[in-house]
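In: Based on what follows, work out the 3D shape:
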Amino acid sequence: MPRRFSRSPRRVANRGRVLAGSSITLVVVLLFTACTAGPSTRPAIVQQHQPSGQQQQQTRSDDPRSLPPLRQAPENSIDWRDCDSDTRQRLGEHSDVPDELHFSCAGIMTGTGKPDEPGSSIKRIHVLRAGTGDVPLLVLNDVGGAPGSLYAARLAARMPDDLLEKFSFLGVDRRGTGKSDPINCIPDKARAKLLGHDPADDDISTLLDAARTAGQRCAIALRGTQGSYDSTHTARDLDELRRSLGVQHLNAMSRGESSRVLLSYAQQYPQHVGRFVFNGIPDPSPELRTMFGSMTDGAAAALQAFGEDCENGNDCPLDGDARTAVQNLVDQLRDSPERTEAGTSMGPALALYAVRRGLGQPQRWDELASAIAEASDGEPDKLAGFIEPVVEGTKKQPPRLDATIATTCNDTTTRPPVERINTLLDDLQDEHSLFGGLAAQRLVWCNPWAPRDEPIDPGDVSNVPPMLVTTSAADPTVPEKATQRSASRLPNAALVRWQGAGHGALRSDCVVEAVHDFLLEDVVPTQGTLCPA
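Out: Residues are numbered from 1 along each chain as shown. The predicted model follows:
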């Protein structure tokens, strides 16, 4: 049966998620200037099952700036090869990607530095194509999440069919991730300490030692290319791909932290910006307390939504009080850590990381509830599965933490002194007992990391076309407050707010409808449009 019906996307089961209130994000310095937000009156509220014509009329923007025309890619030099079987194997046996969606893959070669920079080496960037459309649409994911190729495959499976008939979704494995020469430079013991240090521990010397080891070993392994794993260089990779495709304008979608890449692209190549969709944007605030406070608020809101969902279910193993269950598990593991069958030590920090990553995936909330209950009974393997790609990896893919640290540390110049980090840890731990200290701990990871070899240019994106920004009200990775602050600093940015939970808003039919109309029908939503949970 065709997946396309009317103009609605393929439905994703959400069991009526109700809002009551992982990848790992460090200090974020967004690369754009402060300016006024796009057109805004009162937020439009899009009701479920609203007729499409009515929604378009309600959300059409008065912004006179037009979107670039959609142009098909001419014949180009990219050698696309079938990778359907390999992709499905990477997605796993429980993937919900339909049989009729097929994939092809290619590699483009890019330099580690500027084109004229001496000593630059060549890297291969892996790209996956899904859909049959002749207009390329690049897809990027958080550096600590699934590689962009796999994220694009899953995303394409949920999109309306007419989008896949017009666009080809091109999932890009960012440099150092997936099949794009993945980074593997941090020793196992150091990686375990970076992720396993108890956030309630006042002494961060062990954590700092592990961060020094990670920085030193990565500097040796990556040699002169260490500083090239950042959003600035990745944006240059995207333009290399644009040139290879032979298109004038780059159309792209990002999720979470990868939004920094598109913002950097808009600064470096404003004349080539096409239709950009940002599925959450990290916090631009230079104030650490504000930034980490919003992160912990987002995690707390997601935990509350998860708890209500569990309570409304039929067989919730957490007795309807998810926060208490997680707090009890953390206290239990602090007194007596458990060891998984693979030998991983599951202490309070790793458990919290696993829970936070699970909170970002509402489609796995039943599994998360069972994992928390089993870990409380001394069986941590299911819970460890949520964090396994970050800390353990597989035979073919190294742990994602290495590329996460390299990219996020290269993307910021912030290196606060240890005394300042200790103060922030204490304050956030007092205010947010579960996730506060965990968030601020990440500052230590970058403390000994080599500083950027080029300054962060604030740039100017005032002359780019309208951009669509979406957010989730209870996002544990990129909180709504952060995205709202970011959107307010982008000219011509239209913000669509989903009142649901999880990392990213593209699981909402209402948000997908707005993205569909923006990409395909030139409709820029009204600033602050609300989508119900």
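In: my guess is P199 contacts D430, does it?
Out: No - using CB atoms under 8 Å, P199 makes no contact with D430, being 11.9 Å away. For every residue, glycine as well, the C-beta is placed using N, CA and C.
In: Show me which of those two is the more surrounded one.
Out: Of the pair P199 and D430, P199 is the one with more neighbours under other CB atoms under 10 Å, namely 22 against 10.
In: backbone phi and psi for the nearest residue to that one once chain neighbours are set aside, please?
Out: Once flanking residues are discounted, P199 sits nearest to G437: 3.1 Å by CB to CB, 6 or more residues apart in numbering. The phi/psi pair for G437 (degrees, to the nearest 10) reads phi -70, psi -30.
In: What's the local residue count around G437?
Out: Neighbours of G437 under the rule other CB under 10 Å: 29.
In: Output the contacting helices and strands for the lengthiest helix in the chain.
Out: Longest helix in the chain, counting residues (DSSP state H): helix 288-312. In terms of contacts (3 or more CB pairs under 8 Å, 6 or more residues apart in numbering; DSSP states H and E), helix 288-312 is packed against helix 322-335, helix 348-359, helix 365-376, helix 418-431, helix 436-446, strand 467-474, helix 480-488, strand 493-501.
In: winner for burial among those?
Out: strand 467-474 (a mean of 28; mean count of other CB atoms under 10 Å).
In: And D162, how far from D201?
Out: Distance of D162 to D201, given as CB to CB, to the nearest Å: 53 Å.
In: isn't there a strand covering R223?
Out: No - the assignment for R223, made by DSSP: H, G, I helix; E, B strand; the rest coil, is helix rather than a strand.
In: what pLDDT does the closest residue to S254 other than its chain neighbours get?
Out: Using CB to CB, 6+ apart and skipping residues adjacent in sequence, the residue nearest S254 is L140, 4.4 Å away. In this prediction, L140 carries a pLDDT score of 98.
In: circling back: contact partners for the residue nearest to P199?
Out: Shown in contact with G437 (CB atoms under 8 Å, 6 or more residues apart in numbering): P199, A200, L425, L428, Q429.
In: for A221, same thing?
Out: If a contact means CB under 8 Å, 6+ apart, then A221 has I183, N184, C185 as its contacts.
In: quick revisit: help me confirm that the residue nearest to S254 comes into contact with V172.
Out: Yes - using CB under 8 Å, L140 makes contact with V172 at a distance of 5.8 Å.
In: what touches both of those two?
Out: Residues touching both L140 and V172 (CB under 8 Å, 6+ apart): G148.
In: where does the stretch 251-400 of the chain dip in pLDDT?
Out: Under the criterion pLDDT under 70, the flagged ranges of the stretch 251-400 of the chain are 320, 395.
In: ok, 90 please
Out: Low-confidence segments of the stretch 251-400 of the chain, defined by pLDDT under 90, are located at 283-294, 311-316, 319-321, 342, 392-397.
In: what's the nearest residue to G171 if we skip its chain neighbours?
Out: Excluding the flanking residues, the one nearest G171 by CB to CB, 6+ apart is A152, at 2.6 Å.
In: SS state for that neighbour?
Out: The three-state assignment at A152 reads helix, by three-state DSSP.
In: ok, now how distant is it from R356?
Out: Distance check for A152 against R356: by CB to CB, it reads 24 Å.
In: Touching, I183 and D402? I think so.
Out: Yes - the pair I183 and D402 passes the contact test of CB under 8 Å, sitting 4.4 Å apart.
In: show me what contacts T234?
Out: Residues counted as contacts of T234 (CB under 8 Å, 6+ apart) are R174, R175, V261, S264, T407.
In: Would you check which pair of those lies furthest apart?
Out: R175 and S264 (13.1 Å; CB to CB).
In: ok, and what's touching stretch 338-350?
Out: For stretch 338-350, the surrounding residues in contact (CB under 8 Å, 6+ apart) are 192, 195-200, 330-331, 333-334, 337, 375, 378-381, 383-384, 387-388, 391-392, 438, 441.
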